[in-house]
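> just the structure for this:
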Amino acid sequence: MFWVLLLLLAWAFAGTACTRLCLAAVRAAALDADAATADREHDLTLYEAAFLSGGPARVADVTMVSMARQRRLLLAHTGWATVVDPEGRDEMERSVIGAIGPQGQSRIAPR
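You can find the predicted model right below:
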């Protein structure tokens, strides 16, 4: 009969532990949901997404293609890049224009 008392006591401890664990999981999920909502306020920029998908080389490629689509940089199939608008709109564009050189035209090395 003594073992029945110990069994009931073990069930009580197990039930208490499970209840506390479930409550902690619910609280953690609520905190994660609040943090995820706060993180969604900052969307990735084009350059951040390019860096995450391919590193600095991908950022340079995306910047050149973006400038080419706006007709501010001409990319020839022969491998030459020609700057049409020497004023960069942000730091990345200014660095690409600076890398092309002071003449405004440079050969892009193939990879």
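> which stretches of the chain have low pLDDT?
35-41, 111 (pLDDT under 70).
> how about the strands in it?
73-75, 80-83, 105-107 (DSSP state E).
> between those strands, which gets nearest to Arg89?
Shortest distance between Arg89 and the strands of the chain, using CB to CB, is found for strand 73-75: 11.8 Å. In this view, the C-beta of every residue, glycine as well, is placed from N, C-alpha and C.
> show me the contacts for the nearest residue to Val62 once chain neighbours are set aside.
Distances taken as CB to CB, 6 or more residues apart in numbering place Ala50 nearest to Val62, at 4.1 Å, with adjacent residues excluded. When the contact criterion is CB atoms under 8 Å, 6 or more residues apart in numbering, the partners of Ala50 are 58-59, 61-62.
> and the buried ones among the residues you listed, selectable in PyMOL?
Here is the PyMOL command that selects only those of those that count as buried (16 or more other CB atoms under 10 Å):
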select buried, resi 59+62
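> quick one: the closest residue to Arg71 other than its chain neighbours and Arg58, what's the gap?
In space, and not counting its chain neighbours, Arg71 is closest to Val84: 6.5 Å by CB to CB, 6+ apart. Distance, Val84 to Arg58, using CB to CB, to the nearest Å: 23 Å.
> how about Gly79?
Distance from Gly79 to Arg58, by CB to CB: 18 Å.
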